[in-house]
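K.L.:
Need a 3D model of the following:
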Amino acid sequence: MQIRSVKLSSRLRMGAAVAAISLGAVAVGSASSASASSSVSISVASLVPGATAAATAQFNNQVKQFEKANPGINVKSVQYDWTAPTFAAELAAKTLPTVFTVPFTDGDSLGDAGQLANLTKYVKTYSWSKDFDKAAIAEGTDAKGQIVAIPEAAYAQGLEYNRNLFANAGLNPNDPPKTWAQVETDAKAIVLHDAQVAGFSVMGANDNTAGWILTTMADAFGGRMEKGIGAKAVATFDNPGAVAALTFDHNLRWNDNAMGTNFNLSWGTSNQAFAAGEIGMFISGSDVYTNMVQGFNIPAGIYGLAALPQQSSGSGASSPGELGGGTLAAVTPFASKAQIAAAVKWINFFYISPLVTKAGAIRNAKSLDDDNQPVGVPTFPIFSQKIYNQDLKWEEPYINVPETAFAPFNKSILKDNLVPEPEAATQAIYGDLDSVVEQVLTNQNANIPALLQAANSAGQASIAQASASS
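P.N.:
Residues are numbered from 1 along each chain as shown. Got it, this is the predicted structure:
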């Protein structure tokens with residue numbers, strides 16, 4: 001069920017919302033020569049708040065198995081849901097758990113600012129440290145060449161759709177839209193059948209998610225929000241793709257009345273609303289099904305995933321593409337040496353060994369399957385293609401997600417152009433775009449080109465500020 005041949009061919013970064021932490025390893029894998037003290041305690045990011053009882057029990061079982069395999073290391077699980085505002089507040093207050101996750105967009109910059117622990121000597125005691133995809137490990141490497149975060153998952157953006165709402169509206173759930181015009185047509189059909197749902201929804205929250213999804217849509221229309229890297233990066237918010245994307249949103253919102261009534265959804269609340277049957281289609285990562293099961297107990301059979309339509313917005317546009325990204329596991333800089341050593345052991349146990357060892361892959365997949373947790377949600381390789389293909393074979397007997405749910409995505413994604421996120425001031429760029437989306441969704445007379453041009457000045461200032469502080 002997973003993507004089998006996509007490489008992270010360039011720096012592949014993640015957007016404003018980190019996918020839910022998947023239930024991880026139940027095998028330790030290769031041993032590390034870095035040892036924790038005879039008794040050390042660490043806290044680790046676990047599931048998002050509100051996770052189901054089954055998912056919580058599964059995670060707690062992982063902790064027990066880790067502690068049994070690592071006497072002297074005590075693990076406390078902490079509910080964790082990354083958003084830009086909450087993460088910044090926790091970082092400033094020094095209240096993050098010992099082990100937490102961040103987007104690809106944040107790894108090197110947090111490391112350069114001294115806000116992540118240096119994991120290099122601990123990571124290099126594991127054989128898998130040499131097998132990372134170069135683009136993936138670069139996301140967790142700071143300017144000094146230090147490994148400050150460990151890649152644990154990668155994804156591409158997709159079109160999430162509710163198969164039941166499609167069928168109820170007379171649409172074929174096995175044939176989701178392949179063009180943006182079809183998205184609009186299907187959204188109107190869904191609302192015509194049930195006026196209480198959103199045929200198509202976008203994240204509009206002022207927490208970087210609105211800007212993230214706008215960037216995703218602009219990419220799919222052949223736009224790019226930024227050109228160049230570092231100090232030479234230039235904000236290009238007023239590109240043809242961004243105008244086309246916002247015009248599409250405006251038409252569905254004001255002309256078609258097909259976007260519902262809640263325009264302040266974020267990553268988690270979009271997942272929740274979709275799982276509750278309140279959204280026909282929305283855009284998010286190819287791996288969010290796991291969060292919908294763990295956090296919101298999505299009914300079996302309603303989930304579908306397709307690749308985003310790819311459509312040029314006309315003269316001057318870039319090639320349309322699917323935005324992609326990923327997640328890094330990191331350690332607080334306030335951890336002691338013993339805690340860092342223990343933390344990396346946990347990262348190996350929980351995140352890495354299911355990807356690189358047969359025992360880890362089989363035991364993890366079997367354990368997940370036993371507790372009715374998803375096995376087989378689309379992912380992208382963060383290690384070599386050989387290791388990735390082998391891992392797929394190990395877990396294949398335990399895949400339990402329906403083939404029909406992911407088939408449209410899996411068939412199309414290999415043909416699409418995978419696009420990395422804006423390299424400079426990524427999260428700030430998304431924040432600068434949030435208000436543009438808000439205006440389009442709440443003001444029928446919004447002047448889209450003017451809004452983008454005004455936001456572009458803020459974006460260029462964000463790039464300059466990020467460059468000056470690096």
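
K.L.:
does residue 47 belong to a helix or a strand, and which?
P.N.:
Assignment of secondary structure by DSSP states H and E places residue 47 within no helix or strand.

K.L.:
what do you get for the one 3 residues further on?
P.N.:
Here residue 50 sits in a region with no helix or strand, counting by DSSP H and E.

K.L.:
show me what contacts the closest residue to it other than its chain neighbours?
P.N.:
Spatially, and ignoring its direct neighbours in sequence, residue 50 is nearest to residue 295 (5.7 Å; C-beta to C-beta, 6 or more residues apart in numbering). Where you see a C-beta, it was placed from the backbone N, CA and C, and this is true even at glycine. Taking C-beta atoms under 8 Å, 6 or more residues apart in numbering, we find residue 295 in contact with 20, 47, 48, 50, 51, 52, 55, 268, 271, 272, 275.

K.L.:
switch the cut-off to 7 Å
P.N.:
With contact set as C-beta atoms under 7 Å, 6 or more residues apart in numbering, residue 295 has these partners: 20, 48, 50, 51, 271.

K.L.:
from the residues you listed, which has minimum pLDDT?
P.N.:
Looking at the contacts of residue 295 by pLDDT, the weakest one is residue 20, with 36.

K.L.:
which stretches of the stretch 51-200 of the chain form helices?
P.N.:
Defined through DSSP state H, counting those that start in this stretch, the helices belonging to the stretch 51-200 of the chain, from first to last, are 53-69, 84-93, 107-112, 120-123, 134-138, 163-168, 180-193.

K.L.:
what lines up beside the strand of greatest length in the chain in the sheet?
P.N.:
Longest strand in the chain by number of residues (criterion: DSSP state E): strand 149-162. Each strand that strand 149-162 pairs with, and the sense of that pairing, follows from DSSP bridges: strand 281-285 (antiparallel), strand 303-307 (antiparallel), strand 322-331 (antiparallel).

K.L.:
I'd like to check the angle between it and helix 180-193, please.
P.N.:
For strand 149-162 against helix 180-193, the angle between stretch directions is 60 degrees (axes from the mean of the first three to the mean of the last three C-alpha atoms, to 10 degrees).

K.L.:
In this protein, where is pLDDT below threshold?
P.N.:
Regions of the chain meeting the criterion pLDDT under 70 cover residues 1-37, 315-317, 470.

K.L.:
got the domain boundaries for it?
P.N.:
Using automatic domain parsing, the domains assigned to the chain come out as 40-155+324-413, 156-322+423-469.

K.L.:
how long is the longest one end to end?
P.N.:
Right, domain 156-322+423-469. 30 Å (C-alpha to C-alpha, to the nearest Å).

K.L.:
Please compute how far that domain lies from its chain's middle.
P.N.:
14 Å (C-alpha atoms, centre = their mean, to the nearest Å).

K.L.:
Equivalent analysis for the shortest one, please.
P.N.:
How far domain 40-155+324-413 lies from its chain's middle: 13 Å, per C-alpha atoms, centre = their mean.

K.L.:
Let me have the contacts of residue 295 in TSV, adding neighbour count and distance to residue 212 as columns.
P.N.:
Listed next are those as TSV, based on neighbours: other C-beta atoms under 10 Å; distance: C-beta to C-beta, whole Å:
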residue	neighbour count	distance to residue 212
20	28	16
48	21	18
50	15	22
51	24	23
271	28	14
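
K.L.:
Max pairwise distance over those residues: which two?
P.N.:
Put simply, by C-beta to C-beta the two of the contacts of residue 295 set farthest apart are 51 and 271, 12.0 Å from each other.

K.L.:
how near is residue 114 to residue 465?
P.N.:
In this structure, residue 114 and residue 465 are separated by 18 Å, where distance is defined by C-beta to C-beta, to the nearest Å.
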